[in-house]
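[1] One predicted model, sequence on top.
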Amino acid sequence: MTESPKAKPDRIMQPIEPALMHDRVYASLSAAVMAGRFIPGQSVIIREVAAQFETSPMPVREAVRRLVALRAFISLPNRAVQVPEFSPETVRDLCRVRLGIEGLATLWAAENATPKLVKLLRKLLRREIECAGKSDFSGMLDANRAFHFTIYQAAGSEKLLPCIEMLWLQIGPYFGVLNGHPSLGRYHDEHERIIERLEEQDGPGAQAAISRHITMAAEDILAAWPKPAASRHDGVEHVVSSNLI
């Protein structure tokens, strides 16, 4: 993962301090997966990830092992690791599960919604729009992840949040295929509608709004693949230079 001269600093894939190295590497790497830094079929090169974090391969190897257990990555017979290949069936299945779990979390979040929550969500939406305006796709996905998890945390369920995190570890790489998709602007409008329903403490309305959002994202992912395959799937370097640095 050598940084190109024109590459933008990445807000997730940063060098890690020695203290609590294993946990912090895992947290940063899992956040990168959820934010679409890796795409389906991409090889995960431990030494390159370690170089990005400026750490030894050992904590990265442990983090990768944990992510394999959570089905974010898969181990191959030759001891290589990669993101699972693109699967329309997986996209549809994850969509169905997300509708149930994330819809419920949003329903509960609406019941707990406060002006402070609404203000924070609008701030994150502004960041998302600003990143989109600068063609900063990675930054936009960072803001998108923060937006969603701010809502889910507001649901107030310690048991539900880990379930959502596991789903995002599996759906996150699929978000990466939407880079340059013409419908991205619609997501900002959908986020605004979700905020409005939360502000009104309209639980069913908020649940319906996020369900439409999740369904549309799944449809867009299915429509976007395999068009990016020729340019993105042939090797790691293209993805690393545009998304990881």
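    Ah, there it is. Keep in mind it's a predicted model, so treat the numbers as computed, not measured.
[2] Next up, the contacts around Ala35.
    For Ala35, the contacting residues are Ile12, Ser138, Leu141, Asp142, Asn144, Arg145, Gly172, Phe175, by C-beta atoms under 8 Å, 6 or more residues apart in numbering. C-beta: built from backbone N, CA, C; applies to glycine.
[3] nearest to Ser30, of these?
    Gly172 (8.8 Å; C-beta to C-beta).
[4] Around the closest one, how many other residues sit close by?
    Neighbourhood size, Gly172 [other C-beta atoms under 10 Å]: 23.
[5] what do you get for Arg79?
    Counted with other C-beta under 10 Å, Arg79 comes out at 6.
[6] next one: Leu222
    Leu222 - counted by other C-beta under 10 Å - has 15 other residues nearby.
[7] sorry, back to before: just the buried residues of the contacts of Ala35.
    For these, a neighbour count by 16 or more other C-beta atoms under 10 Å gives the buried set as Ile12, Ser138, Leu141, Asp142, Asn144, Arg145, Gly172, Phe175.
[8] What are the boundaries of the strands in this protein?
    74-75, 81-82 (DSSP state E).
[9] can you list the residues that contact stretch 210-222?
    So stretch 210-222 is in contact with 88, 91-92, 94-95, 98-99, 102-103, 106, 151, 174-175, 177-178, 181, 183, 186-187, 190-191, 194, going by C-beta under 8 Å, 6+ apart.
[10] list the buried ones in that stretch?
    Buried-residue list, stretch 210-222, by 16+ other C-beta under 10 Å: Ile210, Ser211, His213, Ile214, Ala217, Ala218, Asp220, Ile221.
[11] Same check on stretch 181-199?
    Buried, per 16+ other C-beta under 10 Å, within stretch 181-199: His181, Leu184, Tyr187, Glu190, His191, Arg193, Ile194, Ile195, Arg197, Leu198, Glu199.
[12] Can you point out the buried residues in the helix ranked longest in the chain?
    Ranked by number of residues, the top helix in the chain under DSSP state H is helix 88-112. Neighbour counts using 16+ other C-beta under 10 Å place 90-91, 94-95, 97-99, 101-110 of helix 88-112 among the buried residues.
[13] average model confidence for it?
    Across helix 88-112, the average pLDDT comes to 97.
[14] And it, how far out from the chain middle?
    Chain-centre distance of helix 88-112: 15 Å, with C-alpha atoms, centre = their mean, to the nearest Å.
[15] Can you tell me which helices and strands it packs against?
    Identification of packing neighbours for helix 88-112 by 3 or more C-beta pairs under 8 Å, 6 or more residues apart in numbering; DSSP states H and E yields helix 137-154, helix 160-175, helix 184-199, helix 203-224.
[16] quick one: which of the ones you listed is nearest Asn78?
    By C-beta to C-beta (comparing all of the helices and strands packed on helix 88-112), the closest turns out to be helix 160-175, at 20.8 Å.
[17] Can you report how many residues neighbour Thr41?
    One thing to correct before we go on: residue 41 is Gly, not Thr. The burial count for Gly41: 15, using other C-beta under 10 Å.
[18] Wait, it touches Ile74, no?
    No - using C-beta atoms under 8 Å as the test, Gly41 is too far from Ile74 to be in contact (10.3 Å).
[19] between those two, what contacts are shared?
    Joint contacts of Gly41 and Ile74 (C-beta under 8 Å, 6+ apart) are Gln82, Val83, Pro84.
[20] which residues does the last one contact?
    Yep, that's Pro84 we're talking about. Pro40, Gly41, Arg71, Phe73, Ile74, Thr90, Gln170, Pro173.
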